[in-house]
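Student: Have a look at this prediction, sequence included:
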Amino acid sequence: MRDIPKEPYVDLAGGRIRCRRCQATSTRSGEQCKKAALKNKRVCAFHGGKSTGPKTEAGKQRIAQAHWIHGRETRAGRLEYSDSATYLRELEDVAWALGMMTGTRTRGPKPKNYQPVKTLEAAKRWIAMDALGLRCKKNKVG
């Protein structure tokens with residue numbers, strides 16, 4: 001981002017009140033927030049000035065072990081998505097090895113536990129393991 005010097009103060013009420021200015025910057029434009037910071041804080045309430053965070057050791061451990069990663073995603077949900085993405089990628093490999101697909105392959109990053117299935121023998125092994133239910137989830141939560 002741009003190297004814009006941060007203004008330490010903001011004038012409010014037509015210049016009659018001078019306060020510390022919020023030190024948060026925009027990730028898109030790089031501009032500094034135009035609101036006043038909360039008393040004895042560096043940022044305004046919108047940018048986290050009201051947050052006190054956990055104070056006790058038990059509270060800090062509870063936050064560290066929380067199931068939520070970000071927004072609506074949980075650790076279990078991410079692992080489940082990773083497992084299903086791995087399964088679908090390997091299934092696509094099997095279809096290619098058997099000659100059932102033409103055109104372009106699926107683009108994008110490979111899943112974490114993805115093992116490519118390149119040969120016809122490997123595809124047969126994969127199908128046999130899947131039919132017997134031996135293709136279990138590799139990721140465990142907890």
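Tutor: Arrived safely. Numbering: from 1, shown residues only.
Student: from memory V94 sits against V117, does it?
Tutor: Yes. Between V94 and V117 there is a contact at 5.4 Å, judged by C-beta atoms under 8 Å. (Glycine included, C-beta is placed from N, CA and C.)
Student: Spell out the residue ranges of the strands in the protein.
Tutor: Here the chain has its strands, by DSSP state E, at 9-12, 17-20, 68-70, 73-74.
Student: which residues sit against stretch 7-27?
Tutor: Under the contact criterion C-beta atoms under 8 Å, 6 or more residues apart in numbering, stretch 7-27 has outside partners 1, 4, 6, 31-37, 42-44, 46-47, 49.
Student: mind redoing it with 7 Å?
Tutor: K6, E31, Q32, C33, K34, K35, A36, A37, R42, V43, C44, H47 (C-beta atoms under 7 Å, 6 or more residues apart in numbering).
Student: ok, the last one touching Q32?
Tutor: No. At 10.7 Å, H47 and Q32 do not qualify as touching, with contact defined as C-beta atoms under 7 Å.
Student: follow-up on the earlier one: can I get the buried ones among the contacts of stretch 7-27 as something I can paste into PyMOL?
Tutor: To isolate the buried members of those in PyMOL, using 16 or more other C-beta atoms under 10 Å:
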select buried, resi 32+33+35+36+37+43+44+47
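Student: Check the contacts of stretch 7-27 against A66 and report the nearest one.
Tutor: H47 (21.7 Å; C-beta to C-beta).
Student: any idea which helix or strand of the protein has the worst average confidence?
Tutor: strand 68-70 (a mean of 66; mean pLDDT, DSSP states H and E).
Student: Give me the distance between P116 and M100.
Tutor: Using C-beta to C-beta, to the nearest Å, P116 is found at 17 Å from M100.
Student: go on, A45?
Tutor: Distance, A45 to M100, using C-beta to C-beta: 58 Å.
Student: between these two, who's got more neighbours?
Tutor: Neighbour comparison, A45 and M100: the larger count goes to A45, with 14 against 9 (by other C-beta atoms under 10 Å).
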